[in-house]
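>>> for reference, the sequence and a predicted model appear below.
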Amino acid sequence: MNRAHGVVLAMGFFVLGTVAVIAQSGDPIAARKGLMKENDENAFVVVRMARGQMPFDPGKVDAAFAQWAETAKRFPGLFPENSKMGEETRAASMIWVNKKDFDARAAEFGRVVAGNRAKAKASLAGLRAAIPAIGNSCDNCHKDYRTSRR
């Protein structure tokens with residue numbers, strides 16, 4: 001590789017790294033809304049499977065659980081002090097008042113997801129058994145830390 005190609009390649013890595021940093025340090029409200037949208041989309045798919053409205057697909061189930069695990073991991077970090085207000089957000093002010101409890105509930109969601117992932121993707125019966133646990137864990141956080149729709 002000649003020097004010009006090396007410079008172009010290095011600049012490409014620099015740009016990609018910069019984009020990644022901007023994406024990570026960007027708008028936390030938009031990031032958490034994006035995660036919640038993905039959560040909802042995945043819930044819609046697995047609930048439709050459980051109801052027999054679409055065929056059971058272990059790959060889609062696993063993808064849903066992988067995304068939910070990512071949400072559990074990333075979500076607590078998306079509530080810095082400066083994101084209490086802004087864009088239309090349903091984050092309740094109690095998140096910042098009781099951050100340790102909020103973080104604990106996110107961690108519990110992660111444990112519930114991990115504990116149900118294998119059985120959910122193994123069979124339709126396993127998925128049907130896992131859905132209530134996932135839903136209850138979501139509701140456990142939403143009841144105190146999400147405002148109602150306006």
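Looks like it arrived, so ask away. Numbering: from 1, shown residues only.
>>> alpha carbons only for contacts and neighbour counts from here, please
OK.
>>> give me the contacts around stretch 63-77.
32, 35-36, 38-39, 42-43, 46, 102-103, 106-107, 109-110, 113-114, 117 (C-alpha atoms under 8 Å, 6 or more residues apart in numbering).
>>> which of those residues fall in helices?
With DSSP state H as the criterion, helices contain 32, 35-36, 38-39, 42-43, 46, 102-103, 106-107, 109-110, 113-114, 117 from among the contacts of stretch 63-77.
>>> could you flag which of those are buried?
Neighbour-count burial (16 or more other C-alpha atoms under 10 Å) applied to the ones in helices among the contacts of stretch 63-77 gives 32, 35, 38-39, 42-43, 46, 102-103, 106-107, 109-110, 113, 117.
>>> which of the residues you listed lies closest to Gly126?
For those, the closest approach to Gly126 (C-alpha to C-alpha) belongs to Arg117, at 9.0 Å.
>>> which ones are touching that closest one?
Residues in contact with Arg117 (C-alpha under 8 Å, 6+ apart) are Asp62, Phe65, Ala130.
>>> state the distance from the closest residue in space to Phe109 that isn't next to it in sequence to Trp96.
Leaving aside its sequence neighbours, Phe109 sits nearest to Ser137 (C-alpha to C-alpha, 6 or more residues apart in numbering; 5.5 Å). Distance, Ser137 to Trp96, using C-alpha to C-alpha, to the nearest Å: 20 Å.
>>> again with Ala106
Distance from Ala106 to Trp96, by C-alpha to C-alpha: 14 Å.
>>> shared neighbours of those two, anything?
In contact with both Ala106 and Trp96: no residue, using C-alpha under 8 Å, 6+ apart.
>>> wait, what's in contact with Trp96?
Contacts of Trp96 by C-alpha under 8 Å, 6+ apart are Phe79, Glu81, Lys84.
>>> put the buried members of these into a PyMOL selection.
This is the PyMOL syntax for the buried subset of the contacts of Trp96, where burial follows 16+ other C-alpha under 10 Å:
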select buried, resi 79+84
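>>> need the worst-confidence member of the contacts of Trp96.
pLDDT across these is lowest for Lys84, at 81.
>>> let me know the pLDDT of the nearest residue to that residue once chain neighbours are set aside.
Once flanking residues are discounted, Lys84 sits nearest to Ser93: 6.9 Å by C-alpha to C-alpha, 6+ apart. With respect to pLDDT, Ser93 scores 91.
>>> hang on, Ser93 packs against Tyr145?
Yes: counting by C-alpha atoms under 8 Å, Ser93 does reach Tyr145; the two are 7.5 Å apart.
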